[in-house]
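Colleague: Need a 3D model of the following:
(chains A and B)
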Amino acid sequence: MKDPALVVAGMATLSAGTYAFRLSGPLLRQRITVPPRITKLLESAAVVLLAALVATTALTEGHGFAGYARPAGVLAGGVLAWCKAPFLVVVIAAAATTAVLRVLGVP
Amino acid sequence: MGSIYRTLPSGVLRDIALACLAVWFTGLSYGAIAVASGLPLWVPAAQSVLVLAGASEFLFIGIVAAGGNPFAAALAGLLVNARHLPYGLALPDVTGRGWRRLLGSHVMNDESVVFALAQDDQDRKSAAYWACGLGVLLCWPAGAVLGGLAGGAITDTSAFGLDAMFPAVILALIMPALRDRATRRTAAAGAAIALAAAPFLPAGLPVLLALGAVALAQVRR
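Modeller: Residues are numbered from 1 along each chain as shown, chains lettered A, B, ... in the order given. I've put the predicted structure just below:
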């Protein structure tokens, strides 16, 4: 680490900016009356963001492909969740599938 | 907040505990990686409390440890965290007012948001949000510090498939919303946009571009 003061300034920027993102949503919602149709739209927007987060964290690492083991595990968890398996089963099955595939030599 | 236990069914609390455990494990690898890449322990420790957003912290320490400019690292992290703004817009008032909102906004993360969205009524949304948010506020720094102290012993959590846990947690929790056909289509389109953009754009931006699918769905209607 070259310059601690500069790193602290970077950390402060990231912390403050992230908090500003977090606080502005609830503050804006308080100021404006949101019609029910828009409420539904915003909620679906959150689901779309989360789905995109699932896709990118499952399939990519940096700018490349994450390998087969991780998405296979997430897919196994997804199928179980679709079949209404308990949350615990879904999450453990995802991790276990990925771990077993890696033991078997799948990247 | 004392009513969390009375408001939430024990099953939801157990699920939140498991999600927090997954966060703790990820925190272990975060602290270990930060220290192993040459940063002092106070960097991941302070970040884990003050930033409290895993992906952006990994990115920040990655850039700084590689000798990059800390402000460039902060901007990259902020891009990753910009999704918290639409999260806050999407949630009904789960934080409460006054000082509760100040703390409640800080504990907004992927897990607390998704647990809140998965509940049916307003009281349960709020209780699930706080339970998960505070759980992550404890587990993430605890994991990061322990991982940093343990150092090189635990840098590779991928051997246990732990990297598959985060996407599986989120996927399991948005599944009820995905049973609605229109939502499922929009979510799939959004995921496709993010994946197509991921090789070319900096981290965080692909996920935000997925919101384009929401706009497209509106136009088509």
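Colleague: residue closest to the middle of the chain?
Modeller: You didn't pick a chain, so chain A it is. Compute the mean C-alpha point of chain A, and by Cα atoms, centre = their mean the closest residue is residue A:53, 4.2 Å away.
Colleague: Next one: that one relative to chain B, how far apart?
Modeller: 5 Å (Cβ to the nearest Cβ, to the nearest Å). (C-beta placed from N, C-alpha, C; glycine too.)
Colleague: Can you pull up the most central residue in chain B?
Modeller: Note: chain B centre (Cα atoms, centre = their mean) maps to residue B:110, 3.4 Å.
Colleague: Double-check that residue against residue B:170; I have them as touching.
Modeller: Yes. Residue B:110 is within contact range of residue B:170, at 6.1 Å (criterion: Cβ atoms under 8 Å).
Colleague: State the number of residues packed around the closest residue to chain B within chain A.
Modeller: Of all residues in chain A, residue A:25 sits closest to chain B, at 1.5 Å by Cβ to the nearest Cβ. Using other Cβ atoms under 10 Å in any protein chain shown, residue A:25 has 21 neighbouring residues.
Colleague: and the nearest residue to residue B:203 once chain neighbours are set aside, what does it touch?
Modeller: Nearest residue to residue B:203 in three dimensions, chain neighbours excluded: residue B:80, at 5.4 Å (Cβ to Cβ, 6 or more residues apart in numbering or on different chains). Residue B:80 makes contact with B:53, B:55, B:56, B:59, B:203, B:204, according to Cβ atoms under 8 Å, 6 or more residues apart in numbering or on different chains.
Colleague: which pair in those spans the largest distance?
Modeller: By the measure Cβ to Cβ, B:53 and B:203 form the most distant pair in these, at 12.2 Å.
Colleague: The two: which is more packed in?
Modeller: A count of neighbours by other Cβ under 10 Å puts residue B:53 above the other of residue B:53 and residue B:203, at 29 against 20.
Colleague: May I have the phi/psi pair for the residue lying closest to the more buried one once chain neighbours are set aside?
Modeller: Using Cβ to Cβ, 6+ apart and skipping residues adjacent in sequence, the residue nearest residue B:53 is residue B:81, 5.2 Å away. Phi and psi for residue B:81, reported as degrees, to the nearest 10, are phi -90, psi 0.
Colleague: Residue B:81: neighbouring residues, count only.
Modeller: A total of 25 residues lie near residue B:81 under the criterion other Cβ under 10 Å.
Colleague: Scan the chain for its longest helix.
Modeller: As the question left the chain open, I've gone with chain A. helix A:4-31 (DSSP state H).
Colleague: Oops, wrong one, chain B.
Modeller: Longest helix in chain B, counting by DSSP H: helix B:122-150.
Colleague: So which bits of that one are buried?
Modeller: B:124-137, B:139-145, B:147-148 (16 or more other Cβ atoms under 10 Å in any protein chain shown).
Colleague: continuing past that helix, what's the next helix or strand?
Modeller: Reading on from helix B:122-150 to the C-terminus, the next helix or strand found by DSSP states H and E is helix B:165-178.
Colleague: number of nearby residues for the nearest residue to residue A:82 once chain neighbours are set aside?
Modeller: Leaving aside its chain neighbours, residue A:82 sits nearest to residue B:175 (6.3 Å; criterion: Cβ to Cβ, 6+ apart). Residues near residue B:175, counting by other Cβ under 10 Å, number 20.
Colleague: Equivalent analysis for residue B:10, please.
Modeller: 8.
Colleague: Tell me if the residue nearest to residue B:203 really is in a helix.
Modeller: Yes. Counting by DSSP: H, G, I helix; E, B strand; the rest coil, residue B:80 is found in a helix.
Colleague: which residues in chain B form helices?
Modeller: Going by DSSP H, chain B shows helices at B:4-7, B:10-36, B:42-50, B:54-65, B:70-81, B:84-90, B:99-106, B:110-118, B:122-150, B:165-178, B:181-197, B:205-209, B:211-220.
Colleague: now for those, which one comes closest to residue A:80?
Modeller: helix B:165-178 (8.1 Å).
Colleague: And the contacts of the closest one?
Modeller: Here helix B:165-178 makes contact (Cβ under 8 Å, 6+ apart) with A:43-44, A:47, A:50-51, A:53-54, A:57-58, A:70, A:73-74, A:77-78, A:81-82, A:87, A:90-91, A:93-95, B:18-19, B:22, B:25-26, B:110-111, B:114-115, B:117-118, B:183-184, B:187.
Colleague: mind listing what whatever residue of chain B ends up closest to chain A touches?
Modeller: Going by Cβ to the nearest Cβ, chain A is nearest to residue B:88 of chain B, at 1.5 Å. Contacts for residue B:88 (Cβ under 8 Å, 6+ apart) come out as A:21, A:22, A:23, A:24, A:25, A:26, A:28, A:29, B:105, B:108.
Colleague: Thanks a lot, see you next time.
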